[in-house]
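Trainee: my questions are about this predicted structure, shown below with the sequence.
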Amino acid sequence: MKLRLLFIVLILAGLGCNKKEIPTKTTLEMLNSHTWYVQSFSQDGHNIGLPCLLDNYFIFSKDGTGYYDEGVAKCNSVDSQRYNYNYSLSADSKTLFISNVGPLLSHFDTSEQLDTVNKNLYWNIVKINDVYLEVTFKTGDSTHSHNYDFLFVND
């Protein structure tokens, strides 16, 4: 009986050791591995559900470049279809720095997170996984400001 019990314990211990660890993707790997479509966009907690925004998407390539595409339904017919940019992450992977976004900035006020002179944008990453990317940023100054939230879903 003791031998049988020992045998069962050894088998169970052996099965527990064969668990495969699933590698965790970094923020950069998750950004690079998907096309990120706008699912929702809000200003100061109010959903801005413009249909023309909901087919727009971002691509973040492995080489630090990317583009924003207006999708089929443009909000303004004179807007370009695609805007190219460069991007990088902060050392702690909590801030996404997007440079040379130019015309995209015309949709927002000036702020500490929008550098309209150099055409740069700073997004705070709230959540990222293989399904969702959620970012926030603030525009304005101490007397007039707005908080923006973007939720993206992958392809």
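Mentor: Noted; the coordinates are in hand.

Trainee: please count neighbours and contacts with C-alpha atoms only from this point.
Mentor: Will do.

Trainee: continuing past the helix or strand of the chain with the lowest mean pLDDT, what's the next helix or strand?
Mentor: Lowest by mean pLDDT, DSSP states H and E among the helices and strands of the chain is strand 114-115, with a mean of 50. Note on strand 114-115: by DSSP states H and E, the next helix or strand toward the C-terminus is strand 120-128.

Trainee: so for that next one, mean pLDDT?
Mentor: For strand 120-128, the mean per-residue pLDDT is 88.

Trainee: got it, and stretch 57-68?
Mentor: Stretch 57-68 shows a mean pLDDT of 94 in the predicted model.

Trainee: show me what counts as buried in that stretch.
Mentor: 57-61, 66-68 (16 or more other CA atoms under 10 Å).

Trainee: of those, which pair is most distant in space?
Mentor: The most widely separated members of the buried residues of stretch 57-68 are 57 and 61, with 13.1 Å between them, by CA to CA.

Trainee: next up, the contacts around residue 48.
Mentor: When contacts are counted by CA atoms under 8 Å, 6 or more residues apart in numbering, residue 48 touches 40-42.

Trainee: return the per-residue confidence for it.
Mentor: So, for residue 48, pLDDT stands at 80.

Trainee: all numbers from here: first residue = 805
Mentor: Happy to do that; since the first residue is 805 now, the last one works out to residue 852.

Trainee: got phi/psi on it?
Mentor: The phi and psi values for residue 852, taken as degrees, to the nearest 10, are phi -110, psi 80.

Trainee: now it: how far from residue 866?
Mentor: Applying CA to CA, to the nearest Å, the value for residue 852 to residue 866 is 31 Å.

Trainee: before we move on, what about residue 859?
Mentor: With CA to CA as the criterion, residue 859 and residue 866 are 23 Å apart.

Trainee: pull the contacting residues for the residue positioned nearest the centre of the chain.
Mentor: Centroid-nearest residue in the chain, with CA atoms, centre = their mean: residue 937, separated by 3.7 Å. By CA under 8 Å, 6+ apart, the contact set of residue 937 is 840, 929-931, 955-957.
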